[in-house]
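build me a structure from this.
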Amino acid sequence: MGRRRCRVRDLSQDGLFLEFPGHELGPGARLRVTPIAPAILGHDHRPTVEIEVARIAEDGLGARFANRTQAYLFNSFRQRRTTLEVGIDYFQVHIAAVVTDEQGRLLVVDDHGRWVFPGTFLVVGQSIERAIADMLQADLRLELAGIDTPIATATLDGGLAPQAATLAIFQRCGSRGKGDVGDDGRYRRLRWLPPGRDPYDMVFADPLLRDLARKVLLP
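Next up, the predicted model:
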């Protein structure tokens, strides 16, 4: 059949659709596909992968990648862009510290008018404990006194954390010190909520935060 140039649509992690009118192929036929779009993507990484025809249509054919290796190679072409996209090319993990002090009080901070738990992004190679300890010291003048297991995880759309984090881990931990946001810190104010108080009437940025605060204050 030789070489044919086709347009791809309905691209997914598992397969693709080739606009390929007039072909005489049937289900089970195998083809080799080389993507070409250097002018758009700004690079010449063009892996040739094997696909298997799964369904036939009037204007083309739907195909699946022959195996996981072929799928990975083809999708690596999509991932190598000059401008990376959150949630497609990489994932950001935001660590929210659910901090209590020696009296069992819960810490919340004012982040541009929203009451939230203090947090930071996890850097590659950095432990969660180190990330929280550094954040508490730098932003709130607090010392990490111990770390517990995560109490919740959530996928995000940018509402609970800056810069469109795609995953949040809510990590419970203890602290020492009174805390201070400073004049030029990340947060405007901080508050310590006493145990036994129902935080239902507080203006949290999201119901999830209110539910987690309730879990800590009213165990």
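
CA only for contacts and neighbour counts going forward, please
Fine.

distance of the spatially most central residue of the chain from residue 155?
Residue closest to the mean C-alpha point of the chain, counted by C-alpha atoms, centre = their mean, is residue 166 at 2.2 Å. Between residue 166 and residue 155 the distance is 5 Å, computed by C-alpha to C-alpha, to the nearest Å.

likewise for residue 167?
To residue 155, residue 167 is 5 Å away according to C-alpha to C-alpha.

please identify which of these two sits among more neighbours.
Taking neighbours as other C-alpha atoms under 10 Å, residue 167 and residue 155 compare with residue 167 leading, 19 against 13.

list the contacts of that one.
Neighbour list for residue 167: 91, 92, 93, 94, 153, 154, 155, 156 [criterion: C-alpha atoms under 8 Å, 6 or more residues apart in numbering].

farthest-apart pair in those residues, please.
91 and 153 (14.4 Å; C-alpha to C-alpha).

quick one: the strands in this protein?
Counting by DSSP state E, the chain has these strands, from start to end: 7-9, 15-19, 30-33, 49-57, 60-65, 93-100, 106-111, 114-116, 119-121, 143-155, 167-176, 190-193.

which other helices and strands contact the longest one?
What it means is strand 143-155. Counting contacts by 3 or more C-alpha pairs under 8 Å, 6 or more residues apart in numbering; DSSP states H and E, the secondary-structure elements packed against strand 143-155 are helix 128-140, strand 167-176.

which of those sits closest to residue 18?
Distances from residue 18 to each of the helices and strands packed on strand 143-155 were compared using C-alpha to C-alpha; the shortest belongs to strand 167-176, at 33.8 Å.

hey, C-alpha coordinates of that closest one in PDB?
As requested, the backbone C-alpha atoms of strand 167-176 are provided in PDB (Å, rounded to 0.1, in the frame of the first residue of the first chain):
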ATOM      1  CA  LEU A 167      -3.700  16.800  43.400                       C
ATOM      2  CA  ALA A 168      -3.900  18.000  47.000                       C
ATOM      3  CA  ILE A 169      -2.700  15.900  50.000                       C
ATOM      4  CA  PHE A 170      -4.100  17.100  53.300                       C
ATOM      5  CA  GLN A 171      -1.400  16.100  55.900                       C
ATOM      6  CA  ARG A 172      -2.100  16.300  59.600                       C
ATOM      7  CA  CYS A 173       0.800  17.400  61.700                       C
ATOM      8  CA  GLY A 174       1.700  19.100  65.000                       C
ATOM      9  CA  SER A 175       3.500  22.300  65.700                       C
ATOM     10  CA  ARG A 176       5.300  24.300  68.300                       C
END
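
got the buried residues for that strand?
By 16 or more other C-alpha atoms under 10 Å, the buried positions in strand 167-176 come out as 167, 168, 169, 170, 171, 172, 173, 174, 175.

and the residue lying closest to residue 93 once chain neighbours are set aside, how far is that from residue 56?
Excluding the flanking residues, the one nearest residue 93 by C-alpha to C-alpha, 6 or more residues apart in numbering is residue 167, at 5.0 Å. For residue 167, the distance to residue 56 equals 39 Å [C-alpha to C-alpha].
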